[in-house]
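Chemist: coordinates for the following, if possible.
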Amino acid sequence: MPSLYEAQFRHAAHYLTMAHTAKERYKQGNEATQEGLALFDLEWGSIQVAQAWAAAKAETDAVAAQFCSAYADETIHLLDLRLHPREQIQWREAALGAARCLNDCAAEGRHLGSLGNAYFLIGEIHRASELYEQELMTARDLGNRAGEGAALCNVSNILITQDNPQRAIKLYEQALVIFREIGDQRGEGLVLSNLGLIYAELNMISQSIASYKQSLVILCGIGDQRGQGNVLANLAIVFKNIGEIRRAIELYDQVISIAHKLSDRRGESSGLGNLGSAYLSLGEVNRAIDSYKHAVMIDREIGDRRSEVRDLSNLGNAYTALGKLQLAIECHEQVRTIADQIGDHRMVGIALCSLGLAYKNSGEVQRAIELYEQAFAISRAVDDKRNQGTILGNLGLAHYVSGDIRRAIEYYEQALHLARENGDHNGAALISWNLGQAYEQEGNLLRAIELMQACVDFERKIGHPDSETDAAEVEALRSRLT
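Modeler: Below is the predicted model of the structure:
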């Protein structure tokens, strides 16, 4: 009869084989991806037990350390779909410690990158940056070209958060050369997708779309469904931002379908949230609410509080648009509470801004202005320029409603400048309309017509249902000039 240690060893060895088999099937793509996920889910409980045993003994047992390191490698693609990044950190840190105990530098480099990714996803950018720099140095010391390419991508992601896109592009291009040299199509597709993201941030729309489409061709060719979903989601954002919202909705539907197939609950929630925002942009508020509610339900099921905050905020905004102000206030108060609990100051600012809008719509204009001013102070402190623009626009509207037209124009002009600077075409159109109405009240009809016509042009481009009604209002203004 085997000893307890022998039984635990055999258990760990067996389920490591199961994890490896699931990973290899997943990597084959297409239908094999679902087969790999199904096998992984079937054995997930036993895999967790085996990894925990190996992690507990890794410091004193070389065999257990090998298992601990290997479990992180063999679950590399699947763990992202089944564990929140905070939970992944435990696995990745255990694997990194095990690799160091074994003096396995190659494994150490891989675990540094994976651990950095987990920290990046929870917003601990400084810690992620430290790990990525170590990953890059390790890969270069070992002459590991694949590892170097992966590390260059990771460092580039940090540079984007530091508002250094040109440097990020250079590193991505270096990574692209490496992946093409070694024939790593998955890596090549990832780099092209990331380049598409940067080009979009730089408002280089044609280059962005071209990069995403190249990425899709490669990822479709190798059957990487999760990669396809990520690219389609990013491509949809580009189309939404340039006003092609129907096209964006088609892409979001594909994203949700892929995420559902992969049982990727976080991906499904994200897709639903983005779909809701697209419907809201078109004024299809009830459809937006349905999408947001579904997203919030998933967030709560998987315990993803940051996503819950995001989707509750959007749901509250949709209720405000529908005139259901008490429901909106309830949503935004929940957002404020949860965001404060998890230390998300940016979302606290957004919640205050959204509460201000709900109170303004209910007639409590002074209360709204107070909330907007609190929100603006927070958003400026965290350098959230997009929300600053929204708040300035809302302050303009509040002062317009209270009869202070000159003050309203001052706020609207600042908001319009920020919206254009941020590439927020939808926001710029809305502010242009409101600013035009303010200039009309001042008697400056030429400026009013110019601004309101810009809004109508955008509405027609995206197929907004109010476009012709608004166009008629602009024509009525023109008739007053003659």
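Chemist: walk me through the domains of the protein.
Modeler: Domain assignment for the chain, taken from automatic domain parsing, gives 1-143, 384-482.
Chemist: let me have these in TSV, adding mean pLDDT and distance to Gly189 as columns.
Modeler: C-beta coordinates here come from the backbone N, C-alpha and C atoms, glycine included. Shown next, in TSV, are the domains of the chain (pLDDT from 0 to 100; distance: least, Cβ to Cβ, whole Å):
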stretch	mean pLDDT	distance to Gly189
domain 1-143	92	12
domain 384-482	90	25
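Chemist: I'd like those domains laid out as JSON lines, including mean neighbour count.
Modeler: Output for the domains of the chain, formatted as JSON lines (neighbours: other Cβ atoms under 10 Å):
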{"stretch": "domain 1-143", "mean neighbour count": "19"}
{"stretch": "domain 384-482", "mean neighbour count": "19"}
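Chemist: so Pro465: helix, strand or coil?
Modeler: Assigned with DSSP: H, G, I helix; E, B strand; the rest coil, Pro465 falls in the coil class.
Chemist: who's in contact with it?
Modeler: Listed by Cβ atoms under 8 Å, 6 or more residues apart in numbering, the contact set of Pro465 reads Leu282, Gly283.
Chemist: now do it against Leu112, distance only.
Modeler: According to Cβ to Cβ, to the nearest Å, Pro465 and Leu112 sit 51 Å apart.
Chemist: one step back: need the domains of the chain in a markdown table (columns: distance to Ile198).
Modeler: Putting the domains of the chain into a markdown table (distance: least, Cβ to Cβ, whole Å) gives the following:
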| stretch | distance to Ile198 |
| --- | --- |
| domain 1-143 | 16 |
| domain 384-482 | 13 |
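Chemist: looking at these, which is nearest to Val231?
Modeler: Of all the domains of the chain, the one in closest proximity to Val231, counting by Cβ to Cβ, is domain 1-143 (14.2 Å).
Chemist: ok now the closest one, how far from the chain's centre?
Modeler: 25 Å (Cα atoms, centre = their mean, to the nearest Å).
Chemist: with stretch 146-157 instead?
Modeler: 20 Å.
Chemist: and Gly187, which of the domains of the chain is closest to it?
Modeler: domain 1-143 (12.2 Å).
Chemist: isn't Tyr252 right up against Ala233?
Modeler: Yes - counting by Cβ atoms under 8 Å, Ala233 is a contact partner of Tyr252 at 7.3 Å.
Chemist: any common contacting residues for the two?
Modeler: In contact with both Tyr252 and Ala233: Gly271, Asn274, using Cβ under 8 Å, 6+ apart.
Chemist: and the two? Which one has more around it.
Modeler: Using other Cβ atoms under 10 Å, the more surrounded residue of Tyr252 and Ala233 is Tyr252, with 27 against 22.
Chemist: which residue packs closest to the more buried one, ignoring adjacent ones?
Modeler: Once flanking residues are discounted, Tyr252 sits nearest to Leu275: 4.2 Å by Cβ to Cβ, 6 or more residues apart in numbering.
Chemist: dump the residue contacts of that neighbour.
Modeler: Leu275 touches Ile249, Tyr252, Asp253, Ile256, Ser291, counting by Cβ under 8 Å, 6+ apart.
Chemist: Val285 versus the last one, what's the distance?
Modeler: What that stands for is Ser291. Between Ser291 and Val285 the distance is 11 Å, computed by Cβ to Cβ.
Chemist: who has more neighbours, the two?
Modeler: Neighbour tally, Ser291 and Val285, criterion other Cβ under 10 Å: the higher count belongs to Ser291, 27 against 19.
Chemist: contacting residues around that one?
Modeler: Leu272, Gly273, Leu275, Gly276, Tyr279 are the contacts of Ser291 under Cβ under 8 Å, 6+ apart.
Chemist: mind listing which of those residues are in helices?
Modeler: Assigned to helices by DSSP state H, the following of these qualify: Leu272, Gly273, Leu275, Gly276, Tyr279.
Chemist: can I get these in JSON lines with distance to Cys153 and pLDDT?
Modeler: Converted to JSON lines, these look like this (distance: Cβ to Cβ, whole Å; pLDDT from 0 to 100):
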{"residue": "Leu272", "distance to Cys153": "28", "pLDDT": "97"}
{"residue": "Gly273", "distance to Cys153": "26", "pLDDT": "96"}
{"residue": "Leu275", "distance to Cys153": "28", "pLDDT": "96"}
{"residue": "Gly276", "distance to Cys153": "30", "pLDDT": "96"}
{"residue": "Tyr279", "distance to Cys153": "33", "pLDDT": "95"}
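Chemist: which one of the residues you listed has the most neighbours?
Modeler: Counting neighbours by other Cβ under 10 Å, Gly276 leads the ones in helices among the contacts of Ser291 with 27 neighbours.
Chemist: how about the nearest residue to it, chain neighbours excluded?
Modeler: Distances taken as Cβ to Cβ, 6+ apart place Ser291 nearest to Gly276, at 3.4 Å, with adjacent residues excluded.
Chemist: cool, and Ser114?
Modeler: Leaving aside its sequence neighbours, Ser114 sits nearest to Arg92 (Cβ to Cβ, 6+ apart; 5.0 Å).
Chemist: so which strand or helix has that neighbour?
Modeler: Taking DSSP states H and E as the criterion, Arg92 maps to helix 85-101.
Chemist: so what sits against both of Ser291 and Val285?
Modeler: Tyr279.
Chemist: show the contacting residues for His345.
Modeler: Ala339, Ile378, Ala381, Val382.
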